[in-house]
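In: Have a look at this prediction, sequence included:
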Amino acid sequence: MAVWSIVRFNVLANYKIEVSFADGTSGVADLSPRLSQGPLGDGFDALCDATVFAEVYLEHGALTWPGGIDLAPDAMYQRIRESGTSTLAAKNRKVA
């Protein structure tokens, strides 16, 4: 098992998830900057619904949601080791 494999998680309020990795590293995945924007036509739109967000599960050491949505655990691990938090950045809204 890779050190960056997630072994435990806990869904928190406001689109955040506390995660623990195989080597004992732990921190918070903060998806609120992106998900609080609402649907933007990208792969994360379904997670803007708090009920869907709460359906997260582990698959092969990664946070995964129905519909094939997942987050790369290796990148998350690196950011959490550096700062304690991994953030899914906000996106620029397209203006017509």
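Out: Happy to help now that I have it. Since the structure is predicted, the reported quantities are computational estimates derived from the model, not experimental observations.
In: Leu88 and Pro33 touch, don't they?
Out: Yes. With contact defined as CB atoms under 8 Å, Leu88 reaches Pro33; the gap is 6.4 Å. All C-beta spots, glycine's among them, are computed from the backbone N, C-alpha and C.
In: Please name the nearest non-neighbouring residue to Ile80.
Out: Once flanking residues are discounted, Ile80 sits nearest to Gly27: 3.5 Å by CB to CB, 6 or more residues apart in numbering.
In: again, but for His60
Out: Counting by CB to CB, 6+ apart, the residue nearest His60 is Ser5, at 7.7 Å.
In: do you know how far the one you found is from Met76?
Out: Ser5 is 11 Å from Met76, where distance means CB to CB, to the nearest Å.
In: So which of those two has more stuff around it?
Out: Between Ser5 and Met76, Met76 has the larger neighbour count (other CB atoms under 10 Å), namely 24 against 16.
In: Just the pLDDT at the more buried one, thanks.
Out: Here the pLDDT value assigned to Met76 is 97.
In: for the one 5 residues further on, same thing?
Out: Among the per-residue scores, Arg81 shows a pLDDT of 97.
In: go on, Arg93?
Out: 65.
In: same thing with Asp42?
Out: Asp42 carries a pLDDT value of 89.
In: Compare Leu88 and Pro33 and say which is more crowded by neighbours.
Out: Applying other CB under 10 Å to Leu88 and Pro33 shows that Leu88 carries more neighbours, namely 17 against 13.
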